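Asks: below: sequence and its predicted model.
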Amino acid sequence: MATILAIETSCDETAVAIVKNRQVLSSIVSSQIELHQIYGGVVPELASRQHLEIINPCIDRAISEADLTWQNIDAIAVTCTPGLVGALLVGMAAAKTLAMIHNKPFLGVHHLEGHIYASYLAQPELQPPFLCLLVSGGHTSSIYVKDYGEYKLLGSTRDDAAGEAFDKVARLMDLGYPGGPIIDRLAQQGNPLAFPLPEGRISLSEGGYHPYDYSFSGIKTAVLRLVEQLQEEVDLPVADVAASFQYTVAKVLTKRSVKCALDYGLDTITIGGGVAANSGLRKHLQQAAEKHNLKIYFPPLKFCTDNAAMIACAAAQHFNLGHTSSLDLEVRSRMPIDRVMELYK
Ligand code: KG4
Ligand code: ZN
């Protein structure tokens, strides 16, 4: 039963958590949304500086809320890839320092593996294999979780991430940032069939379409054209546009994820990332799961959006399997999910 303290600073949340295997003892998340809101997106340099300012108080709070001392911690973990390099470096320096001064084993964790572990936190009896759909502001990936530490990326976006598309569509209608929750709220009052939008399919050179990959920039451009055209004629029917956009995105994500699961003989789909909060996506996935007799797990939102509990949970599994990282491990802006085992000795 490993007790892990983990740090997550890959983007705009400063997070520290303590987890015992799949049980959360404390989880501190300090969001920087307000800091970046006026710029309409995350400003990397501001993110790093803010992480630096609040990382130490977050560590202290995680320890005190878990009511533990350093003696009770078995290892220190940190998100080391993918993410904003300057932001990752703050967490990395803090984690390595803690590992050195308290003489604890150290583990680097892949951020996307962390997102997958949100499902284990929410459903402690969950075992691989299953399909995990990760939909956040930075990622849209359908990942085949074959076994612990063994992943295959089946589908991903060729351009914008799903959350990014929500944010851009909200911006082009002047609705505010982050756009996902605003569009979600508006969509509930609109007609999802008001405006047909393209699904964003990826053509293959040999003909036909990629069965699992996503493209959201075409949908976003179609919404832009639609908004320009409507604005010339009428007051913009914002709720109908939001509902049509959300319906199209939810339909595409559901269709391709279900295809992945069925093609690979998987009976379970889990979901992670901020877009997992989307009511339209949840409804579509639920309906499809019932139709195809699949199990579907939606972790609570606090584990879907960036947090350190998911990182600690992934590290606990690795630690229990005897994996640790070298203190020479470096941050990386990118790394494919199927190479996570390279992070361990
Ligand atoms: O996972 P997350 O908190 O941060 C990373 O990007 O790593 O995801 C944030 C994204 C934003 O693009 C936000 O607009 C989107 O998740 N989001 C939503 C909803 N809540 C957050 N998108 C659609 N519907 C929502 N209810
Ligand atoms: Zn994330």
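Replies: That came through, no problem. Ligands and ions are numbered 1, 2, ... in the order given.
Asks: how about the nearest residue to the residue at minimal distance from the centre of the chain, chain neighbours excluded?
Replies: In the chain, the residue lying closest to the centroid (Cα atoms, centre = their mean) is residue 273, at 2.9 Å. With Cβ to Cβ, 6 or more residues apart in numbering as the criterion, residue 273 has its nearest non-adjacent residue at 3.2 Å, and that residue is residue 136. (Glycine included, C-beta is placed from N, CA and C.)
Asks: what of residue 262?
Replies: Of all residues beyond its chain neighbours, the one nearest residue 262 is residue 292 (6.4 Å), with distances taken as Cβ to Cβ, 6+ apart.
Asks: distance of that neighbour from residue 258?
Replies: Counting by Cβ to Cβ, to the nearest Å, the gap from residue 292 to residue 258 is 6 Å.
Asks: looking at the two, which one has more neighbours?
Replies: residue 258 (22 against 14; other Cβ atoms under 10 Å).
Asks: hmm, that one is touching residue 293, no?
Replies: No: the pair residue 258 and residue 293 does not pass the contact test of Cβ atoms under 8 Å, sitting 11.0 Å apart.
Asks: and the host helix or strand of residue 252, what's buried?
Replies: When secondary structure is defined by DSSP states H and E, residue 252 falls within helix 238-263. Neighbour counts over helix 238-263 (16 or more other Cβ atoms under 10 Å) mark 238-254, 256-261 as buried.
Asks: please see if it touches ligand 1.
Replies: No: using Cβ under 6 Å from any ligand atom, helix 238-263 stays clear of ligand 1, with a minimum separation of 7.4 Å.
Asks: quick check: mean pLDDT of that helix?
Replies: pLDDT averaged over helix 238-263 equals 97, rounded to a whole number.
Asks: burial of residue 330, as a residue count?
Replies: Using other Cβ under 10 Å, the number of residues around residue 330 comes to 12.
Asks: domain map for the protein?
Replies: Taking automatic domain parsing as the reference, the chain has its domains at 3-117+304-343, 128-301.
Asks: in TSV, list the ones you listed along with distance to ligand 2.
Replies: Converted to TSV, those look like this (distance: least, Cβ to the ion, whole Å):
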stretch	distance to ligand 2
domain 3-117+304-343	4
domain 128-301	5
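Asks: which residues of the chain score low on pLDDT?
Replies: Low-confidence regions of the chain, defined by pLDDT under 70, are absent; no residue qualifies.
Asks: the strands in the chain, which residues?
Replies: Here the chain has its strands, by DSSP state E, at 3-8, 13-20, 23-31, 75-81, 106-110, 130-135, 140-147, 150-156, 268-272, 295-297.
Asks: if anything else comes up later, I'll come back, but that's it for now.
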